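Asker: give me a model of this one.
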Amino acid sequence: MEPWIAITLLAAGLQNARSALQKKLTERLDATEASYVRFCFAWPFALAYVLALVAAGLEAPPLNGRFLAFAFAGGMAQIVGTVALIRSFSYRNFAVGTAYAKTEAVQTVLFSLLLIGEGVSWGAAAGIGISLAGVLLLSPRTPRALAGTQRSAWIGAGGWFGIGAGAGFACSAVCYRAASLSLDGSYVITAALTLLAATTAQTIVMGGWIGRRSGALRRIATTWRTSFWVGLFGMTASASWFTAMTLQSAPLVRALGQMELLFAFVVSLLLFRERVRVTEVAGSALIVVGIVLVVLLR
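Answerer: Prediction:
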């Protein structure tokens with residue numbers, strides 16, 4: 001198995017665990033506050049990760065303007081994606097909210113072409129399209145909604161938040177790849193520096209916004225027992241994503257990352273005890289087929 005594949009699968013599993021914990025946090029925090037937890041509690045771990053790599057002998061390359069610009073842009077796009085994803089959970093169940101966000105695989109292709117001029121093969125594009133069909137199969141809440149003529153009735157507010165999350169994550173993925181590739185040095189340290197730069201920007205920018213709310217930071221601090229793990233899983237997942245996207249193009253990494261959806265169905269059934277329909281199982285099967293094509297025909 002190629003390193004980027006193993007790293008991507010690890011990232012998908014860790015991200016799913018982080019999202020599940022964040023959903024638990026929404027019982028005590030609103031969507032924006034729960035999103036901020038993912039950044040501010042991850043920052044110390046990101047710093048420790050970079051320092052550990054340097055201590056292990058990896059030389060940190062000098063930063064440049066292109067790196068800082070793309071790392072900042074990616075960080076802001078990820079904030080938008082994270083807030084939208086958590087908002088989607090309040091409208092649809094955990095698995096389906098995650099499914100809509102997985103449209104990021106297709107959206108990543110578009111952002112990759114627009115921002116850095118990087119595309120994918122026709123075979124990989126076909127696989128991504130099949131996966132998208134699986135995602136769309138997951139979307140109808142009822143057969144009646146599927147037959148409806150109004151798109152808003154079919155997708156619903158939760159779906160639009162999920163699609164918005166996908167756009168945010170797609171844009172951030174491409175920006176992070178561009179930032180990491182702009183540095184010289186080992187792919188491990190360049191990915192780690194990208195993570196630290198983005199997390200620092202996210203913690204400062206979103207912290208300034210959150211701090212304007214009365215008692216918001218205090219509420220967040222009271223959730224530290226759960227938030228500690230959100231930060232740890234979030235940082236580890238991000239480090240894995242960034243490393244994989246340094247090794248391979250962002251669209252292919254994000255396409256394989258749709259395996260997270262299968263993890264989400266397991267969490268939805270076993271942890272949240274939410275009902276999963278037959279069409280959702282069929283949709284997940286299409287996603288798996290698409291992912292296999294992406295890996296084989298890239």
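
Asker: quick one: stretch 168-181 to chain centroid distance?
Answerer: Here stretch 168-181 shows a centroid-to-chain-centroid distance of 11 Å under the convention Cα atoms, centre = their mean, to the nearest Å.

Asker: next one: stretch 169-182
Answerer: Per Cα atoms, centre = their mean, the centroid offset for stretch 169-182 relative to its chain is 12 Å.

Asker: I'd like to check what contacts that stretch. Which residues are they?
Answerer: 64, 66-68, 70-71, 73-75, 77-78, 81, 85, 101, 104-105, 107-108, 110-112, 115-116, 118, 187, 190-191, 193-194, 197-198, 241-242, 245-246, 249-250, 253-254 (Cβ atoms under 8 Å, 6 or more residues apart in numbering). (Each C-beta comes from the backbone N, C-alpha and C, glycine too.)

Asker: per-residue confidence averaged over stretch 198-211?
Answerer: Per-residue pLDDT over stretch 198-211 has a mean of 93.

Asker: could you list the low-confidence segments of this structure?
Answerer: Within the chain, the stretches with pLDDT under 70 are 89-99, 102, 135-136, 138-158, 261-268, 271-276, 298.

Asker: thinking again about what came up before, got a ChimeraX select line for the buried ones in the contacts of stretch 169-182?
Answerer: Remark: buried members of these, expressed as a ChimeraX selection using 16 or more other Cβ atoms under 10 Å:
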select :67,70,71,73,74,75,77,78,81,85,101,104,105,107,108,111,112,115,116,118,187,190,191,193,194,197,198,241,242,245,246,249,250,253,254
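
Asker: Val205 and Ile79, how far apart?
Answerer: 7 Å (Cβ to Cβ, to the nearest Å).

Asker: between those two, who's got more neighbours?
Answerer: Ile79 (23 against 15; other Cβ atoms under 10 Å).

Asker: now do the contacts for that one.
Answerer: 35, 39, 168, 202, 205-206.

Asker: so it is in which element?
Answerer: helix 65-89 (DSSP states H and E).

Asker: circling back to that earlier point, are any of the contacts of Ile79 buried, and which?
Answerer: 35, 39, 168, 202, 206.

Asker: out of the contacts of Ile79, name the ones that lie in helices.
Answerer: Among the contacts of Ile79, DSSP state H puts 35, 39, 168, 202, 205-206 in helices.

Asker: farthest pair in those?
Answerer: Gly168 and Val205 (14.3 Å; Cβ to Cβ).

Asker: buried residues in the helix or strand harbouring Ala48?
Answerer: Using DSSP H and E, Ala48 sits within helix 43-55. For helix 43-55, the neighbour count (16+ other Cβ under 10 Å) marks 43, 45-47, 49-50, 53 as buried.

Asker: any idea how far Leu247 is from Met206?
Answerer: Distance from Met206 to Leu247, by Cβ to Cβ: 29 Å.

Asker: count of neighbours near Ser214?
Answerer: When neighbours are counted by other Cβ under 10 Å, Ser214 comes out with 8.

Asker: just read off the phi/psi values of it.
Answerer: phi -70, psi 120 (degrees, to the nearest 10).

Asker: with Ser186 instead?
Answerer: phi -60, psi 140.

Asker: now the residue nearest the centre of the chain: how far from Leu256?
Answerer: Nearest residue to the geometric centre of the chain (Cα atoms, centre = their mean): Phe169, 5.3 Å. As judged by Cβ to Cβ, Phe169 and Leu256 stand 14 Å apart.

Asker: and what of Arg219?
Answerer: Applying Cβ to Cβ to Arg219 and Leu256 gives a distance of 36 Å.

Asker: Met259 touches Ile291, doesn't it?
Answerer: Yes: using Cβ atoms under 8 Å as the test, Met259 is close enough to Ile291 to be in contact (6.4 Å).

Asker: which of those two has more neighbours?
Answerer: Taking neighbours as other Cβ under 10 Å, Met259 and Ile291 compare with Ile291 leading, 23 against 20.

Asker: will you turn the ones in helices among the contacts of Ile79 into a markdown table that also has distance to Ser19?
Answerer: Converted to a markdown table, those look like this (distance: Cβ to Cβ, whole Å):
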| residue | distance to Ser19 |
| --- | --- |
| Ser35 | 11 |
| Phe39 | 14 |
| Gly168 | 14 |
| Gln202 | 17 |
| Val205 | 22 |
| Met206 | 18 |
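
Asker: from the residues you listed, pick the one nearest Ala12.
Answerer: Nearest member of the ones in helices among the contacts of Ile79 to Ala12, counting by Cβ to Cβ, is Gly168, at 17.3 Å.

Asker: double-check the closest one against Val80; I have them as touching.
Answerer: Yes: here Gly168 reaches Val80: they are 3.9 Å apart, a contact under Cβ under 8 Å.
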